[in-house]
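> For reference, the sequence and a predicted model appear below.
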Amino acid sequence: MSAHVSETRIIKGACPQDCPDTCAFLYHVEDGRLVDVTGNPEHPMTRGGLCVKLKDYAEHHYNPGRILYPMRRTGPKGSGEFERITWDEALSEIKRRWDGIISSYGAQAIMPHAYLGHQGTLNGLTCGDAFFNRLGATVAEKTYCESGSSTAWVMTVGPTGGLDLESLAYAKYIVVWGMNMISTNLHAWPFILEARQKGAKIVVIDPVRTRTAKQADWHIPIRPGTDAALALGMMNVIIGEDLVDHDYVARYTLGFEELKARAAEYPPELVAEITGVPADDVRKLAREYAATQPSAIRQGVALERSRGGGQAIRAITCLPALVGAWRHVGGGAVEMPIWEFPIKFDRICRPDWIKPGTRVVNELDLGAALTGELALDPPIKSLFVYNSNPVSQAPAQSKIVAGLMREDLFTVVSELFVTDTARYADILLPATMQAEQYDLMVTWGHLYMMLNQPAIAPPGECVPNVELFRRLARTMGFDDPYWKMTDDEMLTEFYDWDSPALEGITLDLLKGEGFKRLNVGMPDQRAPHAEGNFKTPSGKCEFKASVAEGGNFVVPVWRSMYEAMQPGDPVDPLPDYIAPYEAPQSNPELARRFPLSIVSPKPHAFLNTQYGNEAVQQRRQGEQTVLVHPKDAAQRGIANGDFVRVFNERGAFEGRAEISFDVMPGLVLANVGYWPSLNRGGTSVNAISADRHCSLGQAGTYSDNLVEVVRV
Ligand SMILES: Nc1nc2c(c(=O)[nH]1)N[C@H]1C(S)=C(S)[C@@H](COP(=O)(O)OP(=O)(O)OC[C@H]3O[C@@H](n4cnc5c(=O)[nH]c(N)nc54)[C@H](O)[C@@H]3O)O[C@H]1N2
Ligand SMILES: Nc1nc2c(c(=O)[nH]1)N[C@H]1C(S)=C(S)[C@@H](COP(=O)(O)OP(=O)(O)OC[C@H]3O[C@@H](n4cnc5c(=O)[nH]c(N)nc54)[C@H](O)[C@@H]3O)O[C@H]1N2
Ligand SMILES: [Mo]
């Protein structure tokens, strides 16, 4: 008897998660079973490392909670009781219900809801847009993340990737601003450490002493939502002390005199009052940042999560041009480099199929849309959710749940698991996980094309999103060539393969190598704006933004390339500080009842809500905690380890108090991403979040909420 020796096959893949790193994977398969997922050591940026979230990724595919078949609700809404049905039954029920809704209310009564559960070109953020545009559904504006940042960035420097994170190794002064990099952009950190070995200083600006702040040479705590004032204070010092690179400013910028006048309104003493950063620290930061070249700024998405967040990013993005940091390899700023990829979003999303006059509803207003608060005509009668988990991740949690409980709302959810959102579905559809599907990934933290190839067969009747929409299109009778394309035909159509960035790169090459760097210069040579070349209308870094006249707008990439957006509030063409909606300084009346600010950043061991249902990750992440400063805890009689209730007029959630000097006095922290149904009390941090928008790009305002905390 000879023992069966199974051979391990290695297949090249890429991480599907909504994260800047998009790591290169190696799938290890034995006898058709995924036995391990490791990092591909050949990738120059991700270098074979995977984060803690992906440590047990192979097993995640076999989690017994996976949805394997289409299901129909049998119990009351939200009960989580479902029965198995066939794909044919599911699709014909969807068609029957939608036909009825369309004939009574019109197709706009149907609204899709999607975000970045998956980051592929075929299966990601925009994979359903063509279908819903063809259907005539309400256009869902997707501004969960990045829209405030991208809008501000594009207004200032245009759609450019800016500084390559790999080039950080050549910087001498690095500011990580509003980002907990060791948790959220781990694979950029080694480049910063490399720079430090060569003498660079690392500064972290964050209200919280995070894992990243603890590793920095200088941590500057700042009140949430006040970064614009700090950046303008830096400009005040840089201009006042004549630390400006006048030659760079004269050649490659627009609006210096106006910016100088604006910065004059922010002397360091005033900035200290607004931000909580001592005036001398404002001066020191400005002097060091200007004088130590190349200086680099890594901006976090977290900067956008308040009323004035977009303008803060405008102000920060002006800094490198003022001091000439862009002249150098390793100098400048990085927000996200997606703009370097020649993706043809108009071919993916088909905005040409949107019927004129079709309304746009922002996804962050989901609760208000479903409960009638927005007074939509026609009302939303059907919601189709994929790649997203709004009950946990969108603001105004209780309003969303109330909306999803509506008996007359027909809800379809395509998911991997029965999430807190999927529980409310009338029809559940099973989706594949990354090792089971093919995709070319969209990346936003490095400059590599990343191909993911399927390693194992899908379990049960799971299908990739791209196939889901082919099936839906067929069911609804759409016979456009769009849904007859194969995956490769789609990818061929969806990228500009003739562009210089993709020269020499083909799908076949990616099938062999797994990834390939864009032709945009190597990290040790790249200085994309050494001689201007900004992608703005003027070709310069626009301190005074020429596109501001259009009013509040959203940079199309994250809202799917539509021009249907309603005009918004006027936008100041110059960066300015806009006080938060909710802060003790700007809203003292509200602060009498709810005196504490709250931030809800990303969990270390979950990816938004993903892995929040995995026992191994729950152990790594720990239960929902609420960080409270000792002074605030003492005032409330809260001891370390007590259960506390965090609340405001919008709702409440519970967690275990951790008393810590890591948060500023007056601030509490609770990570987002915990599954509400697995938390004490059945809610999570978005129970207290307001569904207001940032003044640029319609971003969410998760760092702009006041609460009170009590012991339970
Ligand atoms: N482990 C892990 N990694 C992730 C994710 C995850 O869920 N888990 N999610 C991914 C996604 S979708 C995104 S968008 C990125 C986001 O990654 P980051 O940009 O790092 O965003 P956050 O984790 O929300 O917040 C980072 C830090 O910003 C601070 N902060 C909050 N408000 C402000 C403010 O107004 N000013 C300043 N200066 N700081 C502020 C918080 O205290 C926090 O320490 O991470 C990605 N990576
Ligand atoms: N309070 C607070 N709220 C926040 C934030 C914050 O910092 N604080 N951050 C915001 C940000 S930056 C973001 S990006 C959003 C994220 O919000 P979401 O994108 O809604 O976050 P996820 O929890 O990743 O939910 C994605 C869902 O898609 C599912 N999924 C994964 N792959 C597939 C697939 O291939 N097919 C289908 N059909 N489904 C799939 C997953 O199982 C998961 O349930 O949250 C926002 N919400
Ligand atoms: Mo995000």
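Happy to help now that I have it. Ligands and ions are numbered 1, 2, ... in the order given.

> who are the neighbours in contact with the residue lying closest to residue 641 once chain neighbours are set aside?
Closest residue to residue 641 apart from its sequence neighbours, by Cβ to Cβ, 6 or more residues apart in numbering: residue 656 at 6.1 Å. Quick note: C-beta positions are derived from backbone N, CA and C, even for glycine. Residues in contact with residue 656, defined by Cβ atoms under 8 Å, 6 or more residues apart in numbering, are 623, 624, 625, 626, 641, 642, 643, 644.

> Counting neighbours, which of these comes out on top?
The most crowded member of those, judged by other Cβ atoms under 10 Å, is residue 626 (28 neighbours).

> right, and it touches residue 668 too?
Yes: if you go by Cβ atoms under 8 Å, residue 626 and residue 668 touch, sitting 5.6 Å apart.

> Whether the helix or strand where residue 620 lies contacts ligand 2 - can you check?
Secondary structure from DSSP states H and E places residue 620 in helix 615-621. No: figure legend: helix 615-621 not in contact with ligand 2 (Cβ under 6 Å from any ligand atom); closest approach 12.7 Å.

> close to ligand 1, is that helix?
No: on the criterion Cβ under 6 Å from any ligand atom, helix 615-621 is out of touch with ligand 1, staying 9.2 Å away.

> residues of that helix that come out buried?
617, 618, 620, 621 (16 or more other Cβ atoms under 10 Å).

> Report the two of the residues you listed separated the most.
The span of the buried residues of helix 615-621, defined through Cβ to Cβ, is set by 618 and 620 at 7.4 Å.

> what's the overlap in contacts for these two?
By the contact definition Cβ under 8 Å, 6+ apart, residue 618 and residue 620 are jointly contacted by residue 605.

> For whatever helix or strand comes next after the helix holding residue 620, name the packing helices and strands.
Following helix 615-621 in sequence order, the next helix or strand is strand 625-628 (DSSP H and E). Counting contacts by 3 or more Cβ pairs under 8 Å, 6 or more residues apart in numbering; DSSP states H and E, strand 625-628 is packed against strand 643-648, strand 651-659, strand 667-669.

> Out of those, which is closest to residue 113?
strand 651-659 (20.2 Å).

> Quickly run through the sheet partners of the closest one, with directions.
Here strand 651-659 is paired, per DSSP bridges, with strand 625-628 (parallel), strand 643-648 (antiparallel).

> do it and ligand 2 meet at all?
No: using Cβ under 6 Å from any ligand atom, strand 651-659 stays clear of ligand 2, with a minimum separation of 10.5 Å.

> Tell me, what's the model's pLDDT at the residue nearest to residue 324 when sequence neighbours are not counted?
Nearest non-adjacent residue to residue 324, counting by Cβ to Cβ, 6+ apart: residue 245, 2.9 Å away. Model confidence at residue 245, given as pLDDT, is 98.

> what's the neighbour count on residue 245?
Neighbourhood size, residue 245 [other Cβ under 10 Å]: 21.

> What does the residue in the stretch 101-250 of the chain that ligand 2 sits nearest to show for phi and psi?
Nearest residue of the stretch 101-250 of the chain to ligand 2: residue 117, at 2.2 Å (Cβ to the nearest ligand atom). Main-chain dihedrals, residue 117, degrees, to the nearest 10: phi -50, psi -30.

> ok, it - contacts?
The contact partners of residue 117, by Cβ under 8 Å, 6+ apart, come to 18, 386, 387, 388, 389, 610.

> Could you rerun that using 7 Å?
Residue 117 is in contact with 387, 388, counting by Cβ atoms under 7 Å, 6 or more residues apart in numbering.

> go on, residue 663?
When contacts are counted by Cβ under 7 Å, 6+ apart, residue 663 touches 208, 627, 629, 669.

> what does the stretch 301-450 of the chain put close to ligand 1?
Residues of the stretch 301-450 of the chain that fall close to ligand 1, judged by Cβ under 6 Å from any ligand atom: 301, 302, 303, 305, 306.

> Could you do the chain as well?
18-19, 53, 145, 177-180, 183-184, 205-208, 210, 222, 224-225, 227, 300-303, 305-306, 599, 601-604, 606-608, 673, 703.

> now, which of the residues you listed lie close to ligand 2?
Among the residues of the chain next to ligand 1, the ones lying near ligand 2 by Cβ under 6 Å from any ligand atom are 18, 145, 301, 601, 607, 608.

> and residue 126, how many neighbours?
Using other Cβ under 10 Å, residue 126 has 25 neighbouring residues.

> which SS state does it fall under?
At residue 126 the chain is in coil, as set by DSSP: H, G, I helix; E, B strand; the rest coil.

> Any of the residues of the chain next to ligand 1 buried? List them.
Neighbour-count burial (16+ other Cβ under 10 Å) applied to those gives 18-19, 53, 145, 177-180, 183-184, 205-208, 210, 222, 224-225, 227, 300-303, 305-306, 599, 601-604, 606-608, 673, 703.

> Which of those fall in strands?
Residues of these located in strands (DSSP state E): 177, 205, 599.

> circling back: can you tell me which of the ones next to ligand 2 among the residues of the chain next to ligand 1 is nearest residue 428?
residue 608 (19.7 Å).

> Torsion angles phi and psi at the closest one?
Residue 608 has phi and psi values of phi 50, psi -120 when expressed as degrees, to the nearest 10.

> Need the pLDDT of it.
On the pLDDT scale, residue 608 is placed at 98.

> got a list of what it touches?
18, 393, 673.

> mind redoing it with 8 Å?
Contact analysis of residue 608 by Cβ under 8 Å, 6+ apart lists 18, 389, 392, 393, 602, 672, 673.

> nearest to ligand 1, of these?
The nearest member of the contacts of residue 608 to ligand 1, counting by Cβ to the nearest ligand atom, is residue 602 at 3.4 Å.

> I'd like the distance between the closest one and residue 416.
Distance, residue 602 to residue 416, by Cβ to Cβ, to the nearest Å: 19 Å.

> that older thread, with pLDDT added, can I get the buried residues of helix 615-621 in CSV?
Listed next are the buried residues of helix 615-621 as CSV, based on pLDDT from 0 to 100:
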residue, pLDDT
617, 96
618, 97
620, 96
621, 97
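
> tell me the mean pLDDT over the lengthiest helix in the chain?
In the chain, assigned by DSSP state H, the helix with the most residues is helix 87-105. Helix 87-105 carries an average pLDDT of 98.

> Run the contact check for the helix or strand just after that helix versus ligand 2.
As assigned by DSSP H and E, the chain's next helix or strand after helix 87-105 is strand 110-114. No: with Cβ under 6 Å from any ligand atom as the criterion, ligand 2 is not reached by strand 110-114; the gap is at least 8.1 Å.
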